[in-house]
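K.L.:
below is the structure, and that's it, no one-letter string:
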């Protein structure tokens, strides 16, 4: 797989960012950031550099506001507003001004150095949400420097497939105005800001293709397959014919999906199931409604911190929660408490060698009780306006003491709100994530203390198999269909049935149609996933009977190797095709 002068066909695989198939010529985009120097300015030049910096901020803000005003897509508004807030951030401005006045740095160098400090902090964190934020920061830095140098961004040909290292939401929106057919980026994941905007704008996208900007050149013909997460370079005539047929089916499938979404959520033998959506941003609500999710099974809240100046600002938090709930109610919204490594949120914290096993989730929140109570207040005040809608989910639970402490704090906050005359919802359910192995093993014990259980198969797999899912060297060992994962899921499902405690799955396993059938066969009828896969999962669940799914799960639970389990699913899928 390389970009030598040969014209033979080859494929590059990544991850699906936004569904859809397109065929076209490539345009390689490399963000044009002028080189800054370490030259010093004399005292007489300080005022001009300060003025240049302030004017650059004003210009960048005007550009973003113009873009915001021109947006017909509501989904892009908050992401653009986030960059406006960053441009206007007084703390950032003060740091740049200090570099100019105290250290005699020209404006472009000052911008470069201050932003690099922010980026260095982000790069040290292993979590995707921090890496994603770094793209927005780098884009803001580059745009300010471009303005200071009177330079514009690299041109991209209209009607092409854009190939880039990474893209900010601003750039995706900007390029969408140039009739870009599709987007391929080296970095980012399926929940990246760029992917969210691409999905909202129906731009097919593939992410995570390493070194693709080096492997390809401009004006190469490619097929972009956003559903399978790959591109085919120099496609031959048979490949082009195959994908033209697929594109025709794609149009028909979308029509079918719209019809499927309107059908009731029942199996072939009329057994009900529930399909909800996993989201993080208000921008994803369009997809939630388009594919008829029955509520939000997982609302991640980490971005509230990263996209707002202060996570502890209860008004901003509450406004975010209300913006989601008011568009979903009366369907339920499960709000997961803040789940991220805490080492980048509090000064003086030491860098952790293994943040996945460290100070994160409820561990960090219980050590910062004020932060946790602020979030509980914002959630519970929202719940008072939308009664019987909100459920609270606690991440990274590993002991009953943690559950009891959160419940105690929740009751305390509820009483505090009552004392303020707020008519609260006394019946907000408190559930726990099943992702730490000991909790899965002792699920029946934990049901005594939790109102519901939500299995996070992504982290559960990582912890059970001792495989860092972000480590490419051992990524082949990470398999959510491993027999032990199914055994543990079944243990949790049985504990839920025995104690009449609701059990759901919100990990990636639920997003795989045949795996969803196996979960259903184990008695888990509440599944939550990315909105885009809802119709595909629903289609298969509606086509099969519960007895067939129960037979599938029984067979899966009888196997000891990943290969044996996968063979069962292969045969299941073959029989589905035959049917």
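P.N.:
That came through fine. Here the structure is a predicted model, which means the values were calculated and not measured. Numbering: from 1, shown residues only.
K.L.:
residue 182 versus residue 13, what's the distance?
P.N.:
Applying CB to CB, to the nearest Å, the value for residue 13 to residue 182 is 16 Å. Placement of C-beta: from N, CA and C, glycine included.
K.L.:
so residue 176 sits against residue 205, correct?
P.N.:
No - using CB atoms under 8 Å, residue 176 makes no contact with residue 205, being 11.2 Å away.
K.L.:
rewinding a little: so between residue 13 and residue 182, which is more surrounded?
P.N.:
Shown here are residue 13 and residue 182; by other CB atoms under 10 Å, residue 182 has more neighbours (27 against 13).
K.L.:
who's the more buried one bridged to?
P.N.:
residue 161 (DSSP bridges).
K.L.:
give me every residue that touches it.
P.N.:
Neighbouring residues of residue 182 by CB atoms under 8 Å, 6 or more residues apart in numbering: 20, 22, 24, 161-162, 203-206, 224, 226.
K.L.:
do you know how far it is from residue 198?
P.N.:
Distance, residue 182 to residue 198, using CB to CB: 9 Å.
K.L.:
which neighbours do these two share?
P.N.:
In contact with both residue 182 and residue 198: 204-205, using CB under 8 Å, 6+ apart.
K.L.:
gap between stretch 461-468 and the chain center?
P.N.:
Here stretch 461-468 is found 20 Å from its chain centre; the criterion is CA atoms, centre = their mean, to the nearest Å.
K.L.:
who touches that stretch?
P.N.:
356, 435-437, 440, 469, 474-475, 477-480, 482, 484-485, 488, 507.
K.L.:
pull the number of nearby residues for residue 200.
P.N.:
23.
K.L.:
first-to-last residue distance for stretch 304-318?
P.N.:
10 Å (CA to CA, to the nearest Å).
K.L.:
tally of neighbours for residue 62?
P.N.:
Residue 62, neighbours per other CB under 10 Å, totals 12.
K.L.:
please read the previous query as pertaining to residue 407.
P.N.:
Per other CB under 10 Å, the neighbour tally for residue 407 reads 16.
K.L.:
tell me who's in contact with it.
P.N.:
Contacts for residue 407 (CB under 8 Å, 6+ apart) come out as 430, 449.
K.L.:
can you tell me the SS state at it?
P.N.:
Classification of residue 407 using DSSP: H, G, I helix; E, B strand; the rest coil returns helix.
K.L.:
could you do residue 504 as well?
P.N.:
Assigned by three-state DSSP, the conformation of residue 504 is strand.
K.L.:
doesn't residue 526 make contact with it?
P.N.:
Yes - contact criterion CB under 8 Å: residue 504 and residue 526 qualify, at 3.8 Å.
K.L.:
mutual contacts of these two, please.
P.N.:
With contacts defined as CB under 8 Å, 6+ apart, the residues shared by residue 504 and residue 526 are 274, 276, 297.
K.L.:
what subset of the residues you listed is buried?
P.N.:
274, 276, 297 (16 or more other CB atoms under 10 Å).
K.L.:
excluding covalently adjacent residues, which one is nearest to the second one?
P.N.:
Translated: residue 276. Once flanking residues are discounted, residue 276 sits nearest to residue 297: 3.3 Å by CB to CB, 6 or more residues apart in numbering.
K.L.:
give the rounded mean pLDDT of whichever strand or helix holds the one you found.
P.N.:
Using DSSP states H and E, residue 297 falls within strand 296-299. Averaged over strand 296-299, pLDDT sits at 96.
K.L.:
each with direction, which strands does that strand pair with?
P.N.:
Here, using DSSP bridges, strand 296-299 pairs with strand 274-279 (parallel), strand 333-336 (parallel).
K.L.:
give me the residues contacting that strand.
P.N.:
276-280, 288, 321, 324, 328, 331-336, 393, 454, 504, 506, 526-529.
K.L.:
now do 7 Å
P.N.:
The contact list for strand 296-299, computed with CB atoms under 7 Å, 6 or more residues apart in numbering, reads 276-279, 324, 328, 333-336, 504, 506, 528.
K.L.:
which pair in the residues you listed spans the largest distance?
P.N.:
The span of those, defined through CB to CB, is set by 324 and 504 at 18.0 Å.
K.L.:
what is the end-to-end distance of stretch 439-451?
P.N.:
When the termini of stretch 439-451 are compared using CA to CA, they are 15 Å apart.
K.L.:
buried ones in it?
P.N.:
Using 16+ other CB under 10 Å as the test for burial, stretch 439-451 gives 439-441, 443, 446-447, 449-451.
K.L.:
quick one, strands of the stretch 51-200 of the chain?
P.N.:
161-164, 182-185 (DSSP state E, counting those that start in this stretch).
K.L.:
most neighbours per residue, which of the ones you listed?
P.N.:
strand 182-185 (a mean of 28; mean count of other CB atoms under 10 Å).
K.L.:
give me the three-state assignment for the residue lying farthest from the centre of the chain.
P.N.:
For the chain, the residue at maximal distance from the C-alpha centroid (CA atoms, centre = their mean) is residue 44, at 48.2 Å. Per three-state DSSP, the secondary structure class of residue 44 is helix.
K.L.:
contacting residues around it?
P.N.:
Contact analysis of residue 44 by CB under 7 Å, 6+ apart lists nothing.
K.L.:
give me the pLDDT for it.
P.N.:
Note for residue 44: predicted pLDDT of 82.
K.L.:
same check on residue 188?
P.N.:
73.
K.L.:
now do the contacts for it.
P.N.:
So residue 188 contacts 166, 194-195, 207-208 (CB under 7 Å, 6+ apart).
K.L.:
quickly find the element holding the closest residue to residue 390 other than its chain neighbours.
P.N.:
Leaving aside its chain neighbours, residue 390 sits nearest to residue 383 (4.2 Å; criterion: CB to CB, 6+ apart). Taking DSSP H and E as the criterion, the element that holds residue 383 is helix 369-385.
K.L.:
so after that helix, what's the next helix or strand?
P.N.:
That would be, after helix 369-385 and using DSSP H and E, strand 390-394.
K.L.:
domain ranges for the chain?
P.N.:
10-30+154-236, 43-148 (automatic domain parsing).
K.L.:
can you list those in TSV and add distance to residue 557?
P.N.:
Shown next, in TSV, are the domains of the chain (distance: least, CB to CB, whole Å):
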stretch	distance to residue 557
domain 10-30+154-236	29
domain 43-148	32
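K.L.:
and those, which is most packed in?
P.N.:
domain 10-30+154-236 (a mean of 21).
K.L.:
so what's the gap between that one and the chain middle?
P.N.:
Distance of domain 10-30+154-236 from the chain centroid (CA atoms, centre = their mean) equals 18 Å.
K.L.:
just to revisit the earlier point, and the strands paired with strand 296-299: which comes nearest residue 425?
P.N.:
Of all the strands paired with strand 296-299, it is strand 333-336 that lies closest to residue 425, at 12.4 Å by CB to CB.
K.L.:
so which residues make contact with the closest one?
P.N.:
The contact list for strand 333-336 (CB under 7 Å, 6+ apart) reads 295-301, 321, 324-325, 379, 389-393, 395, 454.
K.L.:
downstream neighbour of it in the secondary structure list?
P.N.:
helix 361-367.
K.L.:
compute the distance between the residue nearest to residue 390 and residue 330, please.
P.N.:
13 Å.
K.L.:
so between those two, which is more surrounded?
P.N.:
Between residue 383 and residue 330, counting by other CB under 10 Å, residue 383 is the more crowded of the two (25 against 10).
K.L.:
can you tell me how far the more buried one is from residue 391?
P.N.:
Separation of residue 383 from residue 391 (CB to CB): 9 Å.
K.L.:
shared neighbours of the two, which are they?
P.N.:
residue 428.
K.L.:
got any ranges where the stretch 401-550 of the chain has weak pLDDT?
P.N.:
469-472, 475 (pLDDT under 70).
K.L.:
can you give me the helices for it?
P.N.:
In the stretch 401-550 of the chain, the segments counted as helices under DSSP state H, counting those that start in this stretch are 437-441, 443-446, 457-465, 483-499, 513-521, 534-543, 546-557.
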